[in-house]
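# Pasting the sequence and the predicted coordinates here, then a few questions.
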Amino acid sequence: MNTIKTEYLEERFNELLSAQPESKLKSWQKEGFQTFTKVGLPTLKNEEWKYTGISRLFTRDFSIPSKGTESISREIVEKAAMPGASAMNHLVFLNGKLNLELSAFKKSDDFEICTLEEAYNGKYRDDVEAYFNKSSLVTKDGIHALNTSFMNDSVFIKVNKGHEVSMPVYFNHIFDATHNHLLASPRSLVIVEEAAKVEIIESYYTHGSMDSFSNEVVEIIAKENCQIEAYKIQNDTPNGNHVGTTHIRQIGKCLVNTVTISLNGGMIRNNTDIIMEKDANEAHMYGLYFLKGHTHVDNHTLVDNTKPLCFSNELYKGIIDDYATGVFSGKIIVRPDAQKINAYQSNKNILLSPTGTINTKPQLEIYADDVKCSHGCTVGRLDEEALYYLRARGINKDLAKSMLLKAFADDIVMHIKIEAVKEYVESLIAERLQLHD
Amino acid sequence: MSDEMQLLEERVNREYEFGFTTDIETDTIPKGLNEDVVRLISKKKNEPEWLLEWRLKAFRHWQTLKMPKWAHLKYPEIDFQDIIYYAAPKTNKVKPDSLDEVDPELLKTFEKLGISLKEQKRLTGVAVDVVMDSVSVATTFQSQLAEKGIIFCSMSEAIQKHPDLVRKYLGTVVPMTDNFFAALNSAVFSDGSFCYIPKGVRCPMELSTYFRINQENSGQFERTLIVAEDGAYVSYLEGCTAPRRDENQLHAAIVEILAGDEAEVKYSTVQNWYPGDENGVGGVYNFVTKRGLCRGHHSKISWTQVETGSAITWKYPSVILKGDYSIGEFYSVALTTGAQQADTGTKMQHIGKNTRSRIVSKGISAGKSQNSYRGLVHVAKGAENTRNFSQCDSLLLGDKCGAHTFPYIESRNNTAIVEHEATTSKIGEDQLFYCEQRGLDAEKAVALIVTGFAKEVMNNLPMEFAVEAQKLLAVSLEGSVG
């Protein structure tokens, strides 16, 4: 059995840190690494990681990219980008670091983008101090701390007050694992000011045959009356592993929609946290995991209702084929005195193969009485009657199955509001189902 | 609202009606737990060598374990050295042959609890095994049952009279290494009930065990073993109470059920241990491991529980569905008031083909209490055509209480269908309005709605229990208008 190694991480950490000048950022990183040393990698005994043995990724030696020295050819960037990227604010993250040379976005007064360091040393010091790394208070595991440790060159985005960003902001994550196993730690802080509107899309692509592990943290601060769409499209190679935390704080009354689509990859874990810190917040979370091969996808969601009158709706659907594993763990917390909460959660799964696995854990933690909360969850197979109905009308079995699965998936895909992204996801699903036209 | 609050207050201050103590001479051993205590218990019970070895093995394993922390419960560290592990009411004999030999004080106690030990007085045929502190004090209707070949006696008696049966089945469903409390129980269990239904026999009456903690500072560790051979049927009831005391008492029991081919076991519990006062002082810590094994095809095990007592409840009656076409059921009403905490639910392990399980859990929380449902439905790879349906509803009465749901669903089989649904809410204003408009006052309306809420579970209780449980629920709900 391969042993889990983390000692070299300390060496790499010290090496990287000594190359940096003293700064506030560095102290955060130090703090992060201290936490990591203290709590270590999460094991299956850790309740939040019960179904995802992330530590086994650490049996290999990862190379950790140092400050923005890498480059990659434009063809690979094109290949990694989703169709329609040219009509987006295309930000290329190479090995976890924003690469401005490869990126293509229109400078406008809608939003600002710079490194976190520049933001801190420039006019956004207050913002960074107030909002950065607050997710570590919620996610206290070693994986999150590890991201903080290696987060140099993280990104700061601020959507200005009252501005609607007309083109979606697209994070194109590319991991170059041609020569070494790669550990990338993309980190970003996005502040959406009052009455602003923004769409954020992320995709992941591993180049080369070695393994990549991207350990990402995105923190989004949503202020009064803003609107945010946050999408993640995961269609990476089987050697692309990912842990991503999207931590959204609704600090003003606003609307947030998230859609997470996972189709291909190695071991994937998505944490989507929505912390409702103002009255009457609204959030919708959707997710689809349509898996084959040995892909493992674990979706963890959290809706923390700390104030009254909030509304949240959550729908995650899974289709599991081959040897794949789908995990869903949803948590709704209603804090004391957060009355008049409506929170709904639903998880539906179809197990196609006798070798697939589904683990699901929809949880409610409720400390206030005037609430309406519900969750439902199903695990099953395709409806025999529906199949029969279609076959009785002359549709062959495979096609009938594909039609039903497409309809099942469409429930989620229809919530993607950007046409280009929706078409892209639809085409990927059609390809998987071998549906043409 | 003020009226309602007042009513709620009254309820919270309601005295625990079974809180009296019996003044009776008791044989106790000193506080503390070590190998000598285990040996002493075994010696007192005149146990065979193999059982002592078994206890010691469990004790040694227990020492390597830590108290589990995962439950959604808050309680101080339990000092296991500060507990009396054996307490028995003093009688002339180990087990009296007839009721005339039983201490009248004891009889009075159970009379007061509404458990008649005098068979002729009972209208309905329910055989009772009564356990006070660490020992069984009386078992009724034994001879009638024996005619049919049914063995119903206390565990100590079974160990003496039917050692082969006990040895064959003890610890087969809940192994001593199962968990912290199971290991503790295996080491120090003092008594409990043993029940054996031979092949093809339908038990003509309800069997019942009544547990009573009396001795101060003592813990109760009883162990129940029910074996239903092929084609047998039994319905089993369990009730419990404890006196009012300011310190917490520990109750760590184990119930094991085995069901053979086409056998059916129905296990019902009305748990009414002393819940502590409204500030959470005193009360019983109820850490119980209950598990049934459907080892034969077409076997069925059904758990029904009404949980109203205990300061802390940590209890997950489970079914291992090993035989093909076996059925597991779990019906639960858990009511928490005051400062009570409950973390209860079930586990359904589907292993055999065409197995079915059904979970209906109704949680009602009031006062400052916390009520959690925690359940697991596991479908193993070979469990073709498994069907499960779970429903967990929570009702919140009052704005200081909490209701939580932690269901786990693990499916490894693509022909299985597993469904789970849960809701949490308070009593709807419209429902209350509807009732009040028809002339019911607020309290009656709430009682009606809650009764309706819990009905699905109550319907599954045997007649003898249903009345008691209904009453218990109604009394417990007095004034809980929210």
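Nice, thanks for sending it over.

# quick one, helices of the chain?
Reading this off chain A. Using DSSP state H, the helices found in chain A span residues A:7-18, A:24-39, A:74-80, A:116-121, A:125-131, A:142-149, A:384-392, A:397-413, A:419-433.

# Hmm, no, I was thinking of chain B.
Taking DSSP H as the criterion, chain B carries its helices at B:2-13, B:35-44, B:49-63, B:104-112, B:142-147, B:155-161, B:163-169, B:180-188, B:429-437, B:442-458, B:463-477.

# So which of those is nearest chain A?
With C-beta to the nearest C-beta as the criterion, chain A lies closest to helix B:429-437 of those, at 9.6 Å. In short, each C-beta sits where N, CA and C put it, glycine included.

# what about residue 130, how many residues close to it?
Going with chain A. 12 (other C-beta atoms under 10 Å in any protein chain shown).

# wrong chain, I was asking about chain B
26.

# what are the bridge partners for it, then?
Per DSSP bridges, the residues bridged to residue B:130 are residue B:138, residue B:210.

# Tell me which of the helices of chain A is the most buried.
The highest mean neighbour count among the helices of chain A, using mean count of other C-beta atoms under 10 Å in any protein chain shown, belongs to helix A:142-149: a mean of 25.

# what does the average pLDDT come to for it?
The average pLDDT within helix A:142-149 is 95.

# One more: stretch B:190-208?
Stretch B:190-208 comes out at a mean pLDDT of 90.

# can you pull the contacts of whichever residue of the stretch 51-200 of chain B sits closest to chain A?
Nearest residue of the stretch 51-200 of chain B to chain A (C-beta to the nearest C-beta) works out as residue B:70 at 6.6 Å. Counting by C-beta atoms under 8 Å, 6 or more residues apart in numbering or on different chains, residue B:70 makes contact with residue A:47.

# what's the burial count for residue 59?
Using chain A. Neighbour number of residue A:59 under other C-beta under 10 Å is 11.

# hm, I was asking about chain B
Residues within reach of residue B:59, counting by other C-beta under 10 Å, total 21.

# Can you tell me the closest non-neighbouring residue to it?
Excluding the flanking residues, the one nearest residue B:59 by C-beta to C-beta, 6 or more residues apart in numbering or on different chains is residue B:187, at 3.7 Å.

# do residue B:198 as well
The nearest residue in space to residue B:198 (C-beta to C-beta, 6+ apart) is residue B:149, at 4.3 Å.

# mind listing what's buried in stretch B:146-164?
Of all the residues in stretch B:146-164, those buried under the rule 16 or more other C-beta atoms under 10 Å in any protein chain shown are B:150, B:151, B:152, B:153, B:154, B:155, B:156, B:157, B:158, B:159, B:160.

# thought residue B:374 was touching residue B:342?
No - using C-beta atoms under 8 Å, residue B:374 is not in contact with residue B:342; the gap is 10.0 Å.

# neighbour count winner among the two?
Using other C-beta under 10 Å as the criterion, residue B:374 and residue B:342 rank with residue B:342 on top: 32 against 23.

# show me what contacts the more buried one?
Residue B:342 sits next to B:307, B:310, B:312, B:313, B:334, B:336, B:363, B:369, B:370, B:371, B:372 when contact means C-beta under 8 Å, 6+ apart.

# Show me what it is bridged to.
Counting by DSSP bridges, the residues bridging with residue B:342 are residue B:313, residue B:371.

# just to revisit the earlier point, now the contacts of residue B:342 in TSV, please, with extra columns for neighbour count and pLDDT.
Shown next, in TSV, are the contacts of residue B:342 (neighbours: other C-beta atoms under 10 Å in any protein chain shown; pLDDT from 0 to 100):
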residue	neighbour count	pLDDT
B:307	23	90
B:310	30	89
B:312	28	93
B:313	29	93
B:334	29	93
B:336	31	90
B:363	29	94
B:369	25	92
B:370	22	94
B:371	29	94
B:372	28	95
